[in-house]
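Asks: Give me the fold of what follows.
(one chain, ligands or ions: 1)
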Amino acid sequence: MVSRNAYIVGTGHSVPEGVITNADLEKIVDTSDEWITSRTGIKERRKADDDTGSSDLVAEAVSDALEMAGWEPEDVQGIIVGTVTPDYPFPSTAAIVADRLGMGRIPAYDFEAGCTAFIYGLIQAKAFVESGMMDRMIVVGADCLTRITNWDDRGSCILFGDGAGAVAVSSRGPGGRLGGWHWGSDGSLGQHLIQKAGGSKRPASHETVDRNEHTIFMNGSRIFKHAVRAMHDSCMEALKKDGTEKSSVDLLVSHQANLRIIDATARALELEPEQVFINIQKYGNTSAASIPIALDEAYRSDAIGESSTVVLAAFGAGLTWGGMILHW
Ligand code: COA
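Replies: The predicted model follows:
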């Protein structure tokens, strides 16, 4: 049997124009630019206006990825969107965007793995493409977390921003070949990062709204500890599966949740500062969108070149974690 590979052949992203600076947050909660910058690395983040939903950002990001890939919308055989903030609980954001862009009656679905969703999506795409089920598909990570941010909680509201990133995955290169991967979860820690109401367990009611339970509850220090270990393990396991030494890594493109977490991951990989792609200062934590946004910026700025070996790593609600190696 001829073995098939899966390649990233197009990338794209979209962020809303509205900017919230640390100075803006100083007016809302008891915080300071100095605290936010030194504890997180974030200077500003983007916020969608009232008329914009995740699908609007997704459509723009996908259009960019299609253009880079040289695909028409009807070339796409499937689209999957990782998000915890779809336009609606149903129908899916993926189906809305497939229709809006004219992709035809293709399979389209959303899935949820918190901030790890994009890596989960790449692993699904690798399976679909390498097995021969599809030749051309779109993987998206998108979130408008400012829609579910608790603006009274200074421990979390400083972190989040909105955005979407997309990649076109093909059975034909050249491009970034999807290599070794790792993914996992631990639901016993799920209560540390949770939107408590709005699902089937606690449907929306006046009480859930009064108690602010439709916003993000986060135990920051508990998540921080988990994140450092999960990012390290995801990188190492993905490298092992790929058969690649950490000394061969050219660039780390990780989930942008906290600069200190990214630095700890880079130290574990023994990377130099120029081998770590960072854009958290501009966008904050955009959840599922953070890696594909960073990947698109890295690619378009030539931080990724021919024959680059790139490590992706993420952690998120669930709790979930994952990593993947890309070979250009
Ligand atoms: N401004 C000023 N002070 C703040 C603050 C803010 N925005 N947020 C928290 N503090 C205070 C706390 O109240 C606490 O004060 P105390 O010592 O008087 O009790 C102190 O700063 C330290 O709080 P702590 O939570 O231990 O800070 P930290 O160094 O862990 O940083 C986070 C907090 C949230 C930035 C950090 O824990 C983090 O990034 N966690 C991971 C979160 C994450 O990635 N979530 C998304 C997962 S995808």
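Asks: from here on, contacts and neighbour counts on C-alpha atoms
Replies: Noted.
Asks: Quick check: the closest residue in space to Gly163 that isn't next to it in sequence vs Ala95, distance?
Replies: Excluding its sequence neighbours, the residue lying closest to Gly163 (Cα to Cα, 6 or more residues apart in numbering) is Val15, at 4.4 Å. Note on Val15: its distance to Ala95, by Cα to Cα, to the nearest Å, is 21 Å.
Asks: Of these two, which one has the most company?
Replies: Val15 (26 against 23; other Cα atoms under 10 Å).
Asks: Quick one: list the elements packing against the helix or strand hosting Trp35.
Replies: Element membership for Trp35, per DSSP states H and E: helix 33-40. Judged by 3 or more Cα pairs under 8 Å, 6 or more residues apart in numbering; DSSP states H and E, helix 33-40 is in contact with helix 22-26, helix 259-268.
Asks: in it, what's buried?
Replies: Asp33, Ile36, Thr37, Thr40 (16 or more other Cα atoms under 10 Å).
Asks: residues in contact with that helix?
Replies: Asn22, Ala23, Glu26, Ile42, Lys43, Ile158, Leu159, Ala257, Asn258, Leu259, Arg260 (Cα atoms under 8 Å, 6 or more residues apart in numbering).
Asks: which residues touch the second one?
Replies: In other words, Ala23. The neighbours of Ala23, taking Cα under 8 Å, 6+ apart as the test, are Ser32, Asp33.
Asks: count of neighbours near Ala168?
Replies: 28.
Asks: okay but it is in contact with Glu67, surely?
Replies: No: counting by Cα atoms under 8 Å, Ala168 does not reach Glu67; the two are 9.7 Å apart.
Asks: can you give me phi and psi for Arg300?
Replies: phi -70, psi -20 (degrees, to the nearest 10).
Asks: Test for you: state the pLDDT assigned to it.
Replies: In this model, Arg300 is scored at 96, pLDDT.
Asks: Can you give me the neighbour number for it?
Replies: The burial count for Arg300: 13, using other Cα under 10 Å.
Asks: before we move on, the earlier item: so what pLDDT did the residue nearest to Gly163 get?
Replies: Residue-level confidence at Val15 comes out at 98, pLDDT.
Asks: Next, give phi and psi for it.
Replies: phi -130, psi 150.
Asks: got a list of what the residue positioned nearest the centre of the chain touches?
Replies: Taking Cα atoms, centre = their mean, the centroid of the chain lies closest to Ala288, which sits 2.7 Å from it. Neighbouring residues of Ala288 by Cα under 8 Å, 6+ apart: Gly82, Thr83, Gly114, Cys115, Thr116, Ala117, Phe118, Gly141, Ala142, Asp143, Ala164.
Asks: Please enumerate the helices of this protein.
Replies: Listed in chain order, the helices found in the chain under DSSP state H are 22-26, 33-40, 54-69, 93-101, 117-130, 206-210, 220-242, 259-268, 280-283, 290-300.
Asks: could you redo those helices as TSV and give each row distance to Arg4?
Replies: Shown next, in TSV, are those (distance: least, Cα to Cα, whole Å):
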stretch	distance to Arg4
helix 22-26	47
helix 33-40	41
helix 54-69	19
helix 93-101	26
helix 117-130	5
helix 206-210	49
helix 220-242	16
helix 259-268	31
helix 280-283	35
helix 290-300	23
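Asks: closest to the ligand out of these?
Replies: helix 220-242 (3.8 Å; Cα to the nearest ligand atom).
Asks: buried stuff in the closest one?
Replies: Of all the residues in helix 220-242, those buried under the rule 16+ other Cα under 10 Å are 223-224, 226-228, 230-240, 242.
Asks: Stretch 149-159 now?
Replies: Applying 16+ other Cα under 10 Å to stretch 149-159 flags Thr149, Asn150, Trp151, Arg154, Gly155, Ser156, Cys157, Ile158, Leu159 as buried.
Asks: sorry, back to before: filter the buried residues of helix 220-242 to keep only those in contact with the ligand.
Replies: Ile223, Phe224 (Cα under 6 Å from any ligand atom).
Asks: near the ligand, which residues of the protein show up?
Replies: Residues of the chain lying near the ligand by Cα under 6 Å from any ligand atom: 31-32, 35-36, 39-40, 115, 154-156, 158, 220-221, 223-224, 257-258, 315-316.
Asks: I'd like the distance between the nearest residue to Cys157 once chain neighbours are set aside and the ligand.
Replies: Leaving out its chain neighbours, the residue that sits closest to Cys157 by Cα to Cα, 6+ apart is Trp151, at 5.5 Å. The spacing between Trp151 and the ligand, counted by Cα to the nearest ligand atom, to the nearest Å, is 11 Å.
Asks: check contacts around Trp151.
Replies: Neighbours of Trp151 in contact, by Cα under 8 Å, 6+ apart: Ile28, Val29, Cys157.
Asks: Let me know the pLDDT of the first one.
Replies: Right, Ile28. Reading off the model, Ile28 has pLDDT 96.
Asks: try the last one
Replies: In the prediction, the pLDDT value recorded for Cys157 is 98.
Asks: Next up, the contacts around it.
Replies: Going by Cα under 8 Å, 6+ apart, Cys157 touches Thr149, Asn150, Trp151.
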